[in-house]
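In: I'll drop the sequence and a predicted model, then ask my questions.
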Number of protein chains: 2
Amino acid sequence: MTGSHPSRAERRQATEARILDAARRLFAEHGFDRTTIRAVATSAGVDPALVMQYFGSKRGLFARALEVVVEPPSGDGAEELIDQLLGGLGTKLGDLPDGTLATMRSMLTDPAAAEHARGTLGGQIGALSDALAGADDPGLRAALAITTIVGATIGYQILGLTELRGAPPERVAELLRPALRALTEPESERQR
Amino acid sequence: MTGSHPSRAERRQATEARILDAARRLFAEHGFDRTTIRAVATSAGVDPALVMQYFGSKRGLFARALEVVVEPPSGDGAEELIDQLLGGLGTKLGDLPDGTLATMRSMLTDPAAAEHARGTLGGQIGALSDALAGADDPGLRAALAITTIVGATIGYQILGLTELRGAPPERVAELLRPALRALTEPESERQR
DNA sequence: CCGTTTGGTCAACACGCGTTGAGCAATGAG
DNA sequence: CTCATTGCTCAACGCGTGTTGACCAAACGG
């Protein structure tokens, strides 16, 4: 067991995890540029040189910090996908994983983070687009649905808009649902 | 006139404008941290020291670069405001003023830019919220409408999502309109 | 018990940054 | 014409950064 007498390998893995945790937290809070390796090291109770030794470079550390599983949504109907997106929004307005927040914070200024974000969002858009295959402009509709979620997340998590922070996540999801539905429904069905 | 024999004052104002232009462009492209005073100076064909002399500090230059008139929308009905937002979106997807883009690029990492963005968006949200006074949660609805626009703008301008870049702005506005309408309409009116 | 591996630290380098003060050359006023 | 003003440049400082190589001590294998 990993308890009282940690072996060398266990210790090593533990400190590596501590560094990664600190990195995710700081990257999420300050973005790539404003986060220094020294700060990460200090926060992990470790020497800056060790961070380099384990992750090679600041970029390497950042790349590892972004490694967060973002499952592309899987569901048959468009309505089901919307539900999943809105459900995800619940957690996005609650305790968003630091890796994701770090990506959002840095994607506007760091090319690597932007690439990562494009990849992740691209997956989501692709899945949703497939589900909208029947409508016109499925790709565009899917993209707008995703950017709507992204916008709300940024407004809440990063800009801290008081109107959003004061509202319970379920209420936000409730208000957003008709909008997403309107976005994903061809006009002919709007009057039902 | 300002033509063949520029006076001293005219020359001075001209170079100041050149610096400010370069600053806006570079801040918009790379954000606050990645934009160096040296780069701005070079791009304006000027010595870095001159930038300091005119604007005091990098932050001072940034503050001046953000000074872009963003008129809070004025209109009586909610529908009218939505039209205005979507019209603005047209330009947002086309040639967004560099100052605004600089704000968006930097707002996720720079506190001053975030403050600026909160102020600007707050004005928009307030105006829209007033127009929605009849509905429930007017503030929240207004905030979500604005973040929807922001999300689309980020997706287009900064992330460069191919689905958005390939579409004509009018089409985007056309698809977004029902969504915004759904966001600003109380549920009772949805079935009309 | 000895030698080697290895998790970890220390001090330092090189570089780019924002910022500064002295200086230059052209313009303006008298 | 003269001299003060001023738009502008030059060279440099101080600092914080990412990154490196020498070093130490504890854990391991024989």
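Out: Okay, I see it. Numbering: from 1, shown residues only, chains lettered A, B, ... in the order given.
In: What is the distance between the worst-scoring helix or strand of chain A on mean pLDDT and the centre of its chain?
Out: The helix or strand of chain A with the poorest confidence is helix A:78-93; it has a mean of 82 (mean pLDDT, DSSP states H and E). Chain-centre distance of helix A:78-93: 13 Å, with Cα atoms, centre = their mean, to the nearest Å.
In: which residue is nearest the middle of chain A?
Out: By Cα atoms, centre = their mean, chain A has its centre lying nearest to A:Thr100, at 2.7 Å.
In: anything in the longest helix along chain A sitting right up against DNA strand D?
Out: For chain A, the helix with the greatest residue count under DSSP state H is helix A:8-34. Yes. For helix A:8-34, a contact with DNA strand D is found by Cβ under 7 Å from any atom of the strand, at A:Arg8. To be clear about C-beta, it is placed using only N, CA and C from the backbone, and glycine gets the same treatment.
In: and that helix, which residues are buried?
Out: When neighbours are counted by 16 or more other Cβ atoms under 10 Å in any protein chain shown, the buried residues of helix A:8-34 are found to be A:16, A:19-20, A:22-28, A:30-32, A:34.
In: Quick one: distance of it to the chain centre.
Out: The answer for helix A:8-34 is 17 Å, by Cα atoms, centre = their mean.
In: Can you name the element that comes right after that helix?
Out: Next in sequence after helix A:8-34, counting helices and strands by DSSP states H and E, comes helix A:37-44.
In: right, is that following helix up against chain B?
Out: No. Counting by Cβ under 8 Å from any Cβ of the partner chain, chain B has no neighbours in helix A:37-44; the shortest distance is 14.7 Å.
In: Give me the helices and strands touching that helix, please.
Out: Secondary-structure packing of helix A:37-44 (3 or more Cβ pairs under 8 Å, 6 or more residues apart in numbering or on different chains; DSSP states H and E): helix A:8-34, helix A:48-55, helix A:58-66.
In: Just the angle for that helix relative to helix A:8-34, thanks.
Out: 130 degrees (axes from the mean of the first three to the mean of the last three Cα atoms, to 10 degrees).
In: ok, residues contacting helix A:37-44?
Out: A:15, A:18-19, A:21-23, A:25-26, A:47-48, A:50-52, A:58, A:61 (Cβ atoms under 8 Å, 6 or more residues apart in numbering or on different chains).
In: got any ranges where chain A has weak pLDDT?
Out: For chain A, the stretches with pLDDT under 70 are A:1-5, A:69, A:187-192.
In: Apply 90 and report the result again.
Out: Low-confidence segments of chain A (pLDDT under 90): A:1-10, A:67-101, A:134-135, A:185-192.
In: Could you give the number of residues near A:Ala39?
Out: 15 (other Cβ atoms under 10 Å in any protein chain shown).
In: before we move on, back to that, chain B: which of the contacts of helix A:37-44 is nearest?
Out: Nearest to chain B, judged by Cβ to the nearest Cβ, of the contacts of helix A:37-44 is A:Leu26 at 12.3 Å.
In: Residue numbers of chain A in contact with DNA strand C?
Out: A:8-9, A:11-12, A:15-16, A:45-50, A:53.
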